[in-house]
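Enquirer: What follows is a predicted protein model with its sequence.
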Amino acid sequence: MGKNKLKKFSEILSLSNVFENFNPEDSYLTNGENERVEIKGKWKSDFFKNENPIVLELACGRGEYSIGLAEMYPDKNFIGLDIKGARIWKGAKQAIDKGLGNVAFLRTRIELITDYFAQDEIDEIWIIFPDPFLKRSKSNRRLTSAAFLKKYRQILKPDGLVHLKTDSPPLYEFTLETIGEDDKCVINYQNDDIYASELAYKELIIKTYYEKSHLEDGRLIKYIQYTI
């Protein structure tokens, strides 16, 4: 492991807007002061100190979308979740440098989200360029699979929104199929080439590092917004 990555791992432990789980066999979280915290159901009261809606970004990477949305909507709270500490470090540092008190980051596995969020605690979920897990044997690991929908329903408010932005045609089609097989899901909007015309939603203008590289390669960016 390089010195730069080790430095990031060391620094992330002290960042005030980062919560981490180190032991998958014990779901406790620690905060920037290395204290155990019980924050499930208390994100608004204990961290954000307000009653604004909470938006969760899954597999947030460097946190570009969480940061961009937080700047766009100061009256909402945003939590970026990823397992990669070096990536989260970048987003967390940027949020602090920008003085964004409406952004937090959670370092853990996405499979554990029901351990850290209570029923109806989340208003929206954004999934931005996730790993499409193209092998059929790994389809349950896709973040829009039926298995994950069950988890999302345990933390989302009724009619809570899920957003998928991807460059992967197989993941896009898989998601549409999964939605179609679920009686509770309703598609609000879908587009397999969002930049072919005027953007339907201003949030889509935010571009991550990966999206910029995908666009340079000529890939088409796709988007689905649905309620679950």
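Expert: Noted; the coordinates are in hand. Numbering: from 1, shown residues only.
Enquirer: Tell me if I am right that V162 is in a strand.
Expert: Yes - assessed with DSSP: H, G, I helix; E, B strand; the rest coil, V162 lies in a strand.
Enquirer: Give me the three-state assignment for the closest residue to it other than its chain neighbours.
Expert: Closest residue to V162 apart from its sequence neighbours, by C-beta to C-beta, 6 or more residues apart in numbering: I125 at 4.8 Å. Bear in mind the C-beta positions are built from the backbone N, C-alpha and C, glycine included. The three-state label given to I125 by three-state DSSP is strand.
Enquirer: ok, I125 - contacts?
Expert: I125 makes contacts with 55-58, 152, 156, 160-163, as judged by C-beta atoms under 8 Å, 6 or more residues apart in numbering.
Enquirer: R109: neighbouring residues, count only.
Expert: Residues lying near R109 (other C-beta atoms under 10 Å) number 13.
Enquirer: Equivalent analysis for A196, please.
Expert: Per other C-beta under 10 Å, the neighbour tally for A196 reads 9.
Enquirer: Tell me how far it lies from K222.
Expert: 11 Å (C-beta to C-beta, to the nearest Å).
Enquirer: Okay, and the beta partners of the residue most central in space within the chain?
Expert: Nearest to the geometric centre of the chain sits E57, at 1.6 Å (C-alpha atoms, centre = their mean). Applying DSSP bridges to E57 gives these bridge partners: G80, W126.
Enquirer: quick one: it from D183, how far?
Expert: Per C-beta to C-beta, E57 is found 27 Å from D183.
Enquirer: sorry, back to before: buried only: go through the contacts of I125 for me.
Expert: Among the contacts of I125, those classed as buried by neighbour count (16 or more other C-beta atoms under 10 Å) are 55-58, 152, 156, 160-163.
Enquirer: how about JSON lines for these, with pLDDT added?
Expert: Shown next, in JSON lines, are the buried ones among the contacts of I125 (pLDDT from 0 to 100):
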{"residue": "V55", "pLDDT": "98"}
{"residue": "L56", "pLDDT": "98"}
{"residue": "E57", "pLDDT": "98"}
{"residue": "L58", "pLDDT": "98"}
{"residue": "Y152", "pLDDT": "98"}
{"residue": "L156", "pLDDT": "98"}
{"residue": "G160", "pLDDT": "94"}
{"residue": "L161", "pLDDT": "97"}
{"residue": "V162", "pLDDT": "98"}
{"residue": "H163", "pLDDT": "98"}
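Enquirer: Can I get those residues in a markdown table including distance to I205?
Expert: Formatted as a markdown table, these follow (distance: C-beta to C-beta, whole Å):
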| residue | distance to I205 |
| --- | --- |
| V55 | 16 |
| L56 | 20 |
| E57 | 16 |
| L58 | 20 |
| Y152 | 25 |
| L156 | 24 |
| G160 | 23 |
| L161 | 18 |
| V162 | 19 |
| H163 | 13 |
